[in-house]
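I'd like to go over a predicted model; first the sequence, then the structure.
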Amino acid sequence: MKKFSVLLAATALASVMATSAWSKTLVYCSEGSPEGFDPGLYTAGTTFDATSRTIYSRLVEFKHGSTEVEPGLAESWTVSDDGTVYTFKLRPGVKFQTTDFFTPTRDLNADDIVFSFERQLKADNPWHTYVAGGSYEYAAGMGFPDLIKSVEKVDDLTVKFTLNHPEAPFIADLAMDFASVLSKEYADKLQADGKMEQMNQQPLGTGPFTFVAYQPDAVIRYKANDTYFKGKEKIDDLVFAITSDASVRAQKLKAGECHIMPYPNAADIKDLKADSNLKVLEQPGLNVAYLAYNTLVAPFDKAEVRRALNMAVNKQAIVDAVFQGSAQVAKNPIPPTMWSYNDAVKDDEYNPDEAKKMLEAAGVKDLSMKIWAMPVSRPYMLNARRAAELMQADLAKAGVKAEIVTHEWAEYLKLSSAKERDGAVILGWTGDNGDPDNFMDTLLGCSAVGGNNRAQWCNKEYDDLMTKAKQTADVAERTKLYEQAQVIFKKEAPWATLDHSTEFVPMSAKVSGFVQDPVGVHRFDGVDIAE
């Protein structure tokens with residue numbers, strides 16, 4: 001089956017490249033397959049690149065290269081004096097994409113906005129569980145079902161969100177991938193036909209590119225959306241050539257088989273920079289990598305045990321081996337480039353002998369555990385297997401036996417969020433909106449347990465600070481609250497914080513208009529390639 005997939009990918013890619021004589025084609029060597037094509041159901045950047053940033057649009061958008069919010073499907077909006085009512089005026093004349101599987105009969109209107117959010121907020125909505133085993137993990141983890149009292153259609157081009165309390169990052173949250181807007185008309189047709197799961201397989205939206213076809217683990221094809229409300233893109237065809245091995249991605253890029261690649265191996269960057277046919281963009285990543293313990297399972301339910309294990313891990317050695325200087329050791333759950341970063345927090349000392357003594361003092365001897373290693377490269381962790389091997393050796397010095405396990409990427413994400421999960425999981429995060437809340441509450445808040453909170457950690461003192469910070473408009477006051485929360489996090493140690501990385505995007509010198517985004521997505525609107 002593996003040989004067939006490789007052959008299929010090669011054949012499909014060759015076919016696409018051959019069409020370049022009469023259409024402008026950009027090939028992106030993606031690092032993995034999307035979990036599905038409904039961005040509301042997922043949290044992984046790999047999936048967002050293939051869905052929300054290509055096919056869909058949102059009420060508001062982030063400007064390229066920043067976390068500044070600008071109008072999207074909404075031309076403008078107003079906020080009530082008490083900060084609980086947001087009224088959006090929609091852009092008239094926005095078209096949904098026409099595909100081989102559906103032809104829209106109307107423009108975007110408020111019904112589509114209401115549908116796109118209510119399905120995520122209301123457990124009794126028929127679309128709330130339309131995918132077997134799927135859930136709106138992001139909306140739930142951010143507390144949207146409790147935050148949003150109602151989403152109402154005022155008229156065809158006006159929609160009103162009423163909140164149960166003020167929420168400082170709310171507008172920025174609406175620019176995030178899970179807030180992408182879907183077609184209610186298409187949903188109604190699928191529901192009537194008994195084909196609801198097709199929404200996650202054959203998507204359509206209002207974004208810059210129209211979905212054409214997907215060959216699993218091989219190729220995704222898109223074409224420029226002729227009716228895109230911002231104007232047709234400069235490239236005619238966009239192809240995701242799914243290539244999980246970073247070395248192979250680099251080879252394809254150098255050979256001209258693809259034009260852009262993400263997440264190069266640290267060892268390949270010097271060679272890629274030296275190639276006159278290529279250019280390499282780089283910037284500090286708004287990210288963090290971590291090892292999340294399951295704090296619901298003994299002995300990881302004890303903070304003293306988690307702190308001891310953290311002390312046993314040589315994080316600098318991981319940074320040196322995996323990133324070769326293109327990352328820094330992490331001590332907090334947010335990166336140092338983010339406002340409210342508490343630099344006064346003292347990091348864990350690397351001391352395996354002391355770690356062993358601490359474990360014994362906590363009544364833990366001959367501990368065996370599992371380390372989950374991601375099967376794909378991510379910006380915050382280029383080689384999770386190598387990092388796990390280094391941690392395995394470090395833990396052995398403290399008398400801890402660690403077994404390394406992994407799963408296919410979609411399964412890894414699903415299983416790692418389970419409350420009964422065994423062992424500690426390597427994962428990470430790239431900020432979605434430039435707000436500390438997107439790290440500290442989304443990943444560690446009580447409402448995210450069983451979802452994005454892979455540590456399954458719920459601390460009332462910490463959670464109260466998160467709630468207060470979200471409901472406070474004053475940035476100086478919010479900063480103090482997040483600084484306090486970082487002290488609690490370090491004391492309780494639900495994670496071993498690993499690194500913050502520099503992000504590199506190598507590409508053909510023929511590519512123009514590509515901009516690195518601090519939120520870590522790869523966007524192809526505005527991108528061009530020389531003939």
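Thanks, I have it. Numbering: from 1, shown residues only.

how about the strands of the stretch 351-500 of the chain, start to end?
368-372, 401-405, 424-430, 495-508 (DSSP state E, counting those that start in this stretch).

Single out the most deeply packed of those.
Among the strands of the stretch 351-500 of the chain, the stretch with the highest mean neighbour count (mean count of other C-beta atoms under 10 Å) is strand 424-430, at a mean of 26. Quick note: C-beta positions are derived from backbone N, CA and C, even for glycine.

rewinding a little: nearest to residue 159, out of the strands of the stretch 351-500 of the chain?
strand 424-430 (29.1 Å; C-beta to C-beta).

what's the closest non-adjacent residue to residue 482?
Nearest residue to residue 482, sequence neighbours excluded (C-beta to C-beta, 6 or more residues apart in numbering): residue 340, at 3.8 Å.

And for residue 42?
residue 35 (5.0 Å).

Could you report the pLDDT at the one you found?
Looking at residue 35, its pLDDT is 93.

In this structure it contacts residue 412, no?
No. With contact defined as C-beta atoms under 8 Å, residue 35 does not reach residue 412; the gap is 10.2 Å.

Low-confidence ranges, the protein, go.
For the chain, applying pLDDT under 70 flags the ranges 1-22.

related to what we said a few turns ago, can I get the strands of the stretch 351-500 of the chain in CSV with distance to residue 255?
Output for the strands of the stretch 351-500 of the chain, formatted as CSV (distance: least, C-beta to C-beta, whole Å):
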stretch, distance to residue 255
strand 368-372, 34
strand 401-405, 33
strand 424-430, 29
strand 495-508, 11
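
right, and these - which one's nearest residue 142?
Of the strands of the stretch 351-500 of the chain, the one closest to residue 142 (C-beta to C-beta) turns out to be strand 424-430, at 13.1 Å.

Direction included, what does the closest one pair up with?
Strand 424-430 has its sheet partners listed here by DSSP bridges as strand 287-292 (antiparallel), strand 368-372 (parallel).

can you list contacts of the shortest one?
For strand 368-372, the surrounding residues in contact (C-beta atoms under 8 Å, 6 or more residues apart in numbering) are 291, 300, 388, 391-392, 395, 400-407, 412, 416, 422-426.

Could you tell me the angle between it and strand 401-405?
30 degrees (axes from the mean of the first three to the mean of the last three C-alpha atoms, to 10 degrees).

The first one now?
Strand 287-292 runs at 120 degrees relative to strand 401-405, counting by the same axes, to 10 degrees.

Spit out the contact partners of residue 102.
Counted by C-beta under 8 Å, 6+ apart, residue 102 has contacts 183, 186, 189, 202, 204.

Could you name the specific helix or strand carrying the last one?
For residue 204, there is no enclosing helix or strand under DSSP states H and E.

Now do the nearest residue to it once chain neighbours are set aside against residue 504, distance only.
Distance criterion C-beta to C-beta, 6+ apart; nearest residue to residue 204, sequence neighbours excluded, is residue 97 at 4.6 Å. Distance of residue 97 to residue 504, computed by C-beta to C-beta, to the nearest Å: 32 Å.

coming back round to it: any chance of a markdown table for the contacts of residue 102, columns distance to residue 313 and neighbour count?
Listed next are the contacts of residue 102 as a markdown table, based on distance: C-beta to C-beta, whole Å; neighbours: other C-beta atoms under 10 Å:
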| residue | distance to residue 313 | neighbour count |
| --- | --- | --- |
| 183 | 47 | 24 |
| 186 | 48 | 24 |
| 189 | 52 | 15 |
| 202 | 44 | 18 |
| 204 | 46 | 23 |
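
Which residue ranges of the stretch 151-300 of the chain form strands?
Using DSSP E, counting those that start in this stretch, strands in the stretch 151-300 of the chain cover 158-163, 209-215, 219-224, 237-241, 278-284, 287-292.

Can you tell me the closest non-neighbouring residue to residue 372?
Nearest to residue 372 is residue 425, by C-beta to C-beta, 6+ apart, at 4.0 Å.

who's that neighbour bridged to?
residue 292, residue 372.

same check, this time on the one 4 residues further on
With beta bridges defined as DSSP bridges, residue 429 has these partners: residue 288.

wait, isn't it in contact with residue 439?
Yes. Contact criterion C-beta under 8 Å: residue 429 and residue 439 qualify, at 6.1 Å.

Quick check: neighbours shared by those two?
Contacts common to residue 429 and residue 439, judged by C-beta under 8 Å, 6+ apart, are residue 288.

Please report the distance of the residue located most distally from the centre of the chain from residue 477.
No residue in the chain sits farther from the centre than residue 361, which is 38.8 Å out by C-alpha atoms, centre = their mean. The spacing between residue 361 and residue 477, counted by C-beta to C-beta, is 39 Å.

likewise residue 318?
On the measure of C-beta to C-beta, residue 318 and residue 477 end up 36 Å apart.

higher neighbour count, those two?
residue 318 (25 against 12; other C-beta atoms under 10 Å).

helix, strand or coil for residue 82?
coil (DSSP: H, G, I helix; E, B strand; the rest coil).

Run a quick neighbour tally on it.
The number of residues packed around residue 82, counting by other C-beta under 10 Å, is 9.

tell me how far the ends of stretch 120-132 are from each other?
Stretch 120-132 has its terminal residues 15 Å apart, counting by C-alpha to C-alpha, to the nearest Å.

Can you point out the buried residues in it?
Using 16 or more other C-beta atoms under 10 Å as the test for burial, stretch 120-132 gives 120-121, 127, 130-131.

Stretch 171-187 now?
Here stretch 171-187 shows 172-187 as buried, counting by 16+ other C-beta under 10 Å.

Pull the distance from it to the chain's centre.
How far stretch 171-187 lies from its chain's middle: 15 Å, per C-alpha atoms, centre = their mean, to the nearest Å.
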